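1. Need a 3D model of the following:
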Amino acid sequence: MATKKAKEITFEKAIPAFLQHLKDEGKNERTVEVYGRCLENVSSYFGADKPLGKLTPATIGTFFKSDAFLKKPSGVEKSPITIVQNKRVTRMMLVWAHEKGFLADIPLPKAEMKKGRERNGNGTGDSEPAADAAQGD
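-> Below is the predicted model:
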């Protein structure tokens with residue numbers, strides 16, 4: 001795939017490409033479905049036509065603190081496990097977009113980048129098994 005400038009890819013195009021990447025990598029179908037739901041929330045918040053290149057650490061940080069991210073549509077707070085999972089999935093997609101050349105930099109707050117770079121046993125609850133633990137939130 002030819003490298004595109006960040007401003008050329010939107011959530012509408014990036015999310016299906018990322019989910020296909022996960023399928024190609026052998027991720028479980030249920031996992032891909034759950035990740036897709038997590039990313040629908042991101043797309044709804046920013047707009048499907050929002051270029052990924054317009055995202056900044058500040059806009060992502062604001063999203064992670066928003067009611068749209070922290071609460072269900074009913075207004076009930078999401079579980080901490082779901083919040084961690086949704087942050088991780090968002091981070092994974094942004095890292096993938098960067099690796100594919102869609103983003104010059106990964107637009108995450110520094111605190112979120114640190115979590116994304118550490119694997120298992122880091123005390124953040126940010127390990128792979130947690131991904132499937134919070135279905136339905």
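
2. Tell me which stretches of the chain form helices.
-> Under the criterion DSSP state H, helices of the chain are mapped to 11-24, 29-46, 57-64, 67-70, 80-99, 110-117.

3. among those helices, which is the most enclosed?
-> The highest mean neighbour count among the helices of the chain, using mean count of other C-beta atoms under 10 Å, belongs to helix 80-99: a mean of 19. (Each C-beta comes from the backbone N, C-alpha and C, glycine too.)

4. Check which helices and strands that one sits against.
-> helix 11-24, helix 29-46, helix 57-64, helix 67-70, helix 110-117 (3 or more C-beta pairs under 8 Å, 6 or more residues apart in numbering; DSSP states H and E).

5. Export these to JSON lines and append columns for distance to residue 89 and mean pLDDT.
-> JSON lines is the format used below for the helices and strands packed on helix 80-99 (distance: least, C-beta to C-beta, whole Å; pLDDT from 0 to 100):
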{"stretch": "helix 11-24", "distance to residue 89": "9", "mean pLDDT": "96"}
{"stretch": "helix 29-46", "distance to residue 89": "4", "mean pLDDT": "95"}
{"stretch": "helix 57-64", "distance to residue 89": "12", "mean pLDDT": "96"}
{"stretch": "helix 67-70", "distance to residue 89": "12", "mean pLDDT": "96"}
{"stretch": "helix 110-117", "distance to residue 89": "11", "mean pLDDT": "63"}
